[in-house]
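1. Next comes the sequence, and after it the predicted model I'd like to discuss.
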Amino acid sequence: MPIIEISVIPFYLKKDAPIICLDLGKKTIGIAISDRGLSLANPRPMLKRTKFSKDAITLLKLFQKENVSVSIIGLPLNMNGSSGPQVQATRAFVHNMIKLTKIPFVFQDERLSTIAATRTLIQSNVSRKQRANRIDSAAAAFILQGTLDRFRFLKNNDSIKKITLR
């Protein structure tokens, strides 16, 4: 399936199907899934990375189990907007995944998502040890929530045409 822009998400949404967000790290993949109404991002347990083929199987099973219609993926741009090695790795991961699934992917700028997620966890009195186990999924939820908010803003301002869901 293709890599798409946020403005065309409505063409790929299935009725009552959530959106998933992945935050790729070197050792883990943070995961968050929206509610069926596409208004709230919910962090899920992160996935410890092994090799691509095993990670892909696990993610494809999750896509199917949750009946997701679109996958948002955090794009770790440098603060000046340039691409570094992690952006290249993320793009390569997505290009390999699109060969295996019909789920479209949307790249979403994730600058400062980990910092924002860390601050939120600290404010919630989550211990340092627990933060280490939750940070990537919290960052994925932060990225997804930003995307859902942007999507809702575009929809409410008629920047996205209202269409009938499949």
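-> Happy to help now that I have it. All figures in this text were calculated on a predicted structure; none of them were measured in a lab. Residues are numbered from 1 along each chain as shown.
2. switch to C-alpha atoms for all contacts and neighbour counts from now on
-> Noted.
3. for the record, mean pLDDT for the lengthiest helix in the chain?
-> Of all segments of type helix in the chain, defined using DSSP state H, the longest is helix 128-156. Averaging pLDDT along helix 128-156 gives 80.
4. where exactly do the strands run in the protein?
-> 19-24, 28-34, 41-48, 70-75, 105-109 (DSSP state E).
5. Out of these, which one sits most buried?
-> Greatest average neighbour count among the strands of the chain goes to strand 19-24 (a mean of 28), per mean count of other C-alpha atoms under 10 Å.
6. excluding its backbone neighbours, what's nearest the residue nearest the centre of the chain?
-> Centroid check for the chain by C-alpha atoms, centre = their mean gives residue 21 as the closest residue, at 1.7 Å. Excluding the flanking residues, the one nearest residue 21 by C-alpha to C-alpha, 6 or more residues apart in numbering is residue 72, at 4.5 Å.
7. how much space between the one you found and residue 125?
-> Counting by C-alpha to C-alpha, to the nearest Å, the gap from residue 72 to residue 125 is 28 Å.
8. Once you drop chain neighbours, what's closest to residue 67?
-> Per C-alpha to C-alpha, 6+ apart, closest to residue 67 is residue 17, 6.0 Å.
9. Run a quick neighbour tally on that neighbour.
-> 18 (other C-alpha atoms under 10 Å).
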